[in-house]
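Student: how would this look folded up:
(2 chains)
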Amino acid sequence: MNNFEFLRMVNIGQYLPLDSFLHRRDPRAMLAVYFLLLAATTFTKSLVGILIALGLVLILFAIGRIPLRYALRGLLPPLPFLLILAVLQVFISIHPPDAQPLFEWKFISIYTSGLLAAGKLLLRFVALILLLSLASFTLSTSEMIHGSESLLKPLTYLRIPVHDLVMVIQVTFRFIPFLAQTAERIAKAQASRGAEWGTRKGGLLARTRQIVPLIVPLFMISLERAETMALAMDARGYGSNPRRSSMIVLRFTWQDGVVILLAAAAGAAILLLG
Amino acid sequence: MLECLTMALPLIKVENIYYSHPVNSGEPVPALRGIDLQIEEGEYVALIGANGSGKTTLARHFNALLKPERGDVWINGMNTREDHNHPQIRSLVGMVFQSPEDQLVATILEEDVAFGPENLNLPPEEIRQRVNEALRVTGMWEHRERPPHLLSAGQMQRAALAGVLAMRPRCVIFDETTAMLDPGGRRMVKELIQRLHREGLTVIVITHFMQEAANADRVVVLDNGRVMLDGTPAQIFSPASRLTELGLDMPQPMLMACKLHTILPEVPEFPLHLIDLLNALPEYEDNHRPLASAADGQAQADALGGEALLQVIDLEHVYLKGTPLAHTALRGVSLQALNRGTHGLIGGTGSGKSTLLQHLNGLLLPQVGQVRVGKFDLNDTQTDLKAVRRYAGLVFQTPDYQLFEQYVGDEIAYGPRLKGEENVRDTVRWAMEMVGLDFEGFKDRLTFTLSGGERRKVALASILAMRPQVLLLDEPSAGLDPVSRRSVIKNLRKLQQEGMTLVLSSHHMEDVAELADRLTVLDHGVDVMQGSSQVIFNSVEQLESYGLEPPLVAKVAATMRAKGWPLPATTMRVGSLLRGIRRITEGGGE
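Tutor: Reported below is the predicted structural model:
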């Protein structure tokens, strides 16, 4: 394991260029699908709904031909936090006044409703995380950008500069790996001069303290770079013409329509069943 | 009729322009002081001048990135002052910048190439067609779906050019486009430039490499914001133009030819191109003398042997191991660097030089294979890595990543302070003297106000202040103008004399030839050649097969050998070449 590989920590843009039914869909349709499912899974109150969502996500993984181990890799880091949350939920959840505790010891009492709430919390988060990783596996950053640009287009009538906002998102995506690489180089340069980077020791406090001298050069370099990039964009005519066109033409087919309808139906089921 | 009119207009016309860089809370710094210049359609112009002479500032006036304070710039008859002309001006005059990664905007290459045409609001089919064409011309077609941050520097630079070409410009400005590239990348960009020019494009090249300027049809020399000289390469690169006084140099082949001319009168004094020099080298006619055996040099090279201070055995390294982005940087590399010697690492971009260097001071630890640095064994998990890093100091390629303190003095004192040294002040003073920075004059300077060359000196001094036994240098001279480059080399020579062990990686074979006595050639993570630098640099064909450019001396020597001259195959420095020739022509006076 290399202590300096900050790029490893960058999870955005984990797009898997596979050729599946999901990958072939219009990005706008997929954005709508993920939005519907995420919203339904977030707001549903029933366990059945959550279980339907979970089942659906697993089916989508199969349709998208994405190996399940990729999905599980994304689940592992937040798992400890989820477990702590779930345990808290067991103890602090509100129970009906006439409910009988399942277990009682001194001031601790556990109710069925508490266990249920904890289970729901755990499953809900698992479903949400899986959905989000599915989105990042099936939508490339470019598809996300063009999809959202097209979906947000109506906002231009409200005089919201959608084009520029989307450009900001695009440049942000471009900067993320760059920030990781830059941080890596700075950390290495500091380590070469005796800082405690990657020396196999140092507690949390020491590690936090290392971050500060990293931030200043990171900011300086990023600002400088942003300036150069702005210049390069200017030189390529960005902003000198009020209208921009796009090379990518999105094509909405009947299959995309069906997929959205199905997602809407699934969302309704998740919200209302049980 | 209209057609005729536009044909008659000069493409770029600059009339007596002045420009000053605004400075926060201070007097503006004048950059251009009265420039008149005219560039016609189809010209190939090189713009040269020392750092700070105003080259880049001038070029940025050509596509309306900057507007003059006084005077006017006309692009194909359009004044750059008027904003409504800008879309047209920017599609007429494209610009490729120095640092390739800063120019790419999109997350996928082909969409980046589409960025310019999209700004012109062209219909999608037209954009697609232009993008495909630009990708094919620059040879980037097969990479079209890759994210830019995974491309090599040379590929990124070609990608940036593709983005400019997709706008179908009539003029392209290359602003030190090749400064960060390896010899292979430079050659590729150079060939592209020449092809585009042949196809009728106007080309303006800003460069620190005089050979690149010599390829142009016209050379414009700037000094202190004024045009000092303007003429053909043959006029500019002649002793009469006193280029050294302007912080510039003659092209390498000319410098060499001047020296050869004194002993071989057949060699022209001022050949513009390398090929002119090589072709003019005379055939060897005198066959009385026995051939000086190449073995002499060989024996001499082997006598260099000594104790290995750094040792690497069968080292492998994979970045981002276990992810979809994993890539292998080193595959079974071995290396021995001798005590008090200078070891050079050469190879193209992505050949693994930096990765190898980072193993030599414990920034990276061996995944497979063994690394020993002095008495430290990096395979031992008990080894004190901080001690290793103090023992072998690593100076990185870009000083920007290394400077993080506000003042130069603090910057250099950072290492000694962390070490808990008592006489930090003396150490800092010593380190600054070693790199030729005046202690009193520089210790209170703000680091971000330093020039490129000065920053590099500070970076070097900040490592020296840790008093390392071994100095590891990653591209110590990349991107510097000729004057700064010479001073870096001078500093390193001084350190060699102090008995320091150096390991340096570089794209610039001339620099390596001047400093290193042993070499390792890396190609795609494999150590393809090892040995004395004299022998390796004289294996011209083999080096070229790895995309490397042997130093000029070695090329001249190789050509002369091919013409029958009994020169030893170990000639690497100008002195030994001249001595060798003299010994042969004068019949050996020893």
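Student: C-alpha only now, for contacts and for neighbours.
Tutor: Fine.
Student: Run through the residues that contact residue 33.
Tutor: I'll assume chain A. Going by C-alpha atoms under 8 Å, 6 or more residues apart in numbering or on different chains, residue A:33 touches A:259, A:260, A:263, A:264.
Student: Hmm, no, I was thinking of chain B.
Tutor: Counting by C-alpha under 8 Å, 6+ apart, residue B:33 touches B:16, B:17, B:18, B:19, B:224, B:225, B:226.
Student: Now the helix or strand hosting the fourth one: buried residues?
Tutor: In the assignment (DSSP states H and E), residue B:19 maps to strand B:12-21. Taking 16 or more other C-alpha atoms under 10 Å in any protein chain shown as the neighbour-count basis, strand B:12-21 is seen to contain the buried residues B:12, B:13, B:14, B:15, B:16, B:17, B:18, B:19, B:20.
Student: and it with chain A, contact?
Tutor: No - judged by C-alpha under 8 Å from any C-alpha of the partner chain, strand B:12-21 stays clear of chain A, getting no closer than 15.1 Å.
Student: just checking, what packs against that strand?
Tutor: strand B:29-39, strand B:70-75 (3 or more C-alpha pairs under 8 Å, 6 or more residues apart in numbering or on different chains; DSSP states H and E).
Student: Tell me which of those is the most buried.
Tutor: Here the criterion is mean neighbour count by mean count of other C-alpha atoms under 10 Å in any protein chain shown, and of these the winner is strand B:70-75, at a mean of 20.
Student: can you tell if that strand touches chain A?
Tutor: No - Strand B:70-75 lies apart from chain A when judged by C-alpha under 8 Å from any C-alpha; the minimum separation is 14.3 Å.
Student: what are the pairing partners of the helix or strand following that strand, and which direction each?
Tutor: Remark: after strand B:70-75, the chain's next helix or strand is strand B:78-79, criterion DSSP H and E. For strand B:78-79, the paired strands and their directions (DSSP bridges) are strand B:70-75 (antiparallel).
Student: Put the alpha carbons of the strand it pairs with into CSV.
Tutor: Below are the C-alpha coordinates for strand B:70-75, written out as CSV (Å, rounded to 0.1, in the frame of the first residue of the first chain):
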residue,chain,number,x,y,z
ARG,B,70,-1.6,52.2,-26.7
GLY,B,71,-1.4,51.3,-30.3
ASP,B,72,-3.5,48.8,-32.2
VAL,B,73,-3.5,45.2,-33.2
TRP,B,74,-5.3,44.2,-36.4
ILE,B,75,-6.1,40.6,-37.1
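Student: where do the strands sit along the stretch 101-250 of chain A?
Tutor: Residue ranges of the strands in the stretch 101-250 of chain A, as given by DSSP state E, counting those that start in this stretch, are A:103-105, A:108-110.
Student: try the stretch 351-500 of chain B
Tutor: B:368-373, B:376-377, B:392-395, B:470-474.
Student: what packs against the third one?
Tutor: Put plainly, it is strand B:392-395. helix B:452-464, strand B:470-474.
Student: same thing but at 10 Å, please
Tutor: helix A:162-191, helix B:353-359, helix B:452-464, strand B:470-474, strand B:501-505 (3 or more C-alpha pairs under 10 Å, 6 or more residues apart in numbering or on different chains; DSSP states H and E).
Student: Figure out which of the ones you listed is closest to residue B:60.
Tutor: helix B:452-464 (20.0 Å; C-alpha to C-alpha).
Student: Tell me how far the closest one lies from the chain's centre.
Tutor: 17 Å (C-alpha atoms, centre = their mean, to the nearest Å).
Student: What angle do strand B:470-474 and that helix make with each other?
Tutor: Counting by axes from the mean of the first three to the mean of the last three C-alpha atoms, to 10 degrees, helix B:452-464 lies at 150 degrees to strand B:470-474.
Student: pLDDT averaged over helix B:452-464, what's the number?
Tutor: The average pLDDT within helix B:452-464 is 88.
Student: do stretch B:57-77 as well
Tutor: The average pLDDT for stretch B:57-77 rounds to 93.
Student: now swap in stretch B:387-397 and tell me
Tutor: 90.
Student: ditto for stretch B:467-482
Tutor: Averaged across stretch B:467-482, the pLDDT comes to 85.
Student: before we move on, what about stretch A:100-118?
Tutor: Stretch A:100-118 comes out with an average pLDDT of 79.
Student: where do the strands sit along the stretch 101-250 of chain B?
Tutor: Secondary structure of the stretch 101-250 of chain B (DSSP E, counting those that start in this stretch): strands at B:171-175, B:202-206, B:218-223, B:226-231.
Student: Of these, which is nearest residue B:64?
Tutor: For residue B:64, the closest of the strands of the stretch 101-250 of chain B is strand B:171-175, at 12.6 Å, according to C-alpha to C-alpha.
Student: mind listing what that closest one pairs with, with the direction of each?
Tutor: Each strand paired with strand B:171-175, and its direction, by DSSP bridges: strand B:93-96 (parallel), strand B:202-206 (parallel).
Student: who's in contact with residue B:107?
Tutor: With contacts defined as C-alpha atoms under 10 Å, 6 or more residues apart in numbering or on different chains, the neighbours of residue B:107 are A:13, A:140-142, A:145, A:170-175, B:145-149.
Student: 6 Å instead, please
Tutor: Shown in contact with residue B:107 (C-alpha atoms under 6 Å, 6 or more residues apart in numbering or on different chains): A:174, B:147.
Student: got it, and residue B:548?
Tutor: Contacts of residue B:548 (C-alpha under 6 Å, 6+ apart): residue B:183.
Student: How is residue B:311 assigned, secondary-structure-wise?
Tutor: Three-state call for residue B:311 (DSSP: H, G, I helix; E, B strand; the rest coil): strand.
Student: My guess is it contacts residue B:370. True?
Tutor: No - in this structure residue B:311 lies outside contact range of residue B:370 using C-alpha atoms under 6 Å: 8.0 Å.
Student: Single out the most deeply packed of the strands of the stretch 101-250 of chain A.
Tutor: It is strand A:108-110: most buried of these by mean count of other C-alpha under 10 Å, with a mean of 14.
Student: That strand pairs with which strands?
Tutor: Assessed with DSSP bridges, strand A:108-110 is paired to strand A:103-105 (antiparallel).
Student: Please state the offset of the partner strand from the chain centre?
Tutor: With C-alpha atoms, centre = their mean, you get 39 Å for strand A:103-105.
Student: Ok, stretch B:206-224 next?
Tutor: 15 Å.
Student: tell me which residues of it are tucked away?
Tutor: Burial within stretch B:206-224, assessed by neighbour count using 16+ other C-alpha under 10 Å, is assigned to B:206-216, B:218-224.
Student: for stretch B:387-398, same thing?
Tutor: By 16+ other C-alpha under 10 Å, the buried positions in stretch B:387-398 come out as B:388, B:389, B:390, B:391, B:392, B:393, B:394, B:395, B:396, B:397, B:398.
Student: Next up, the contacts around the fourth one.
Tutor: If you count contacts by C-alpha under 6 Å, 6+ apart, residue B:391 has them with B:468, B:469.
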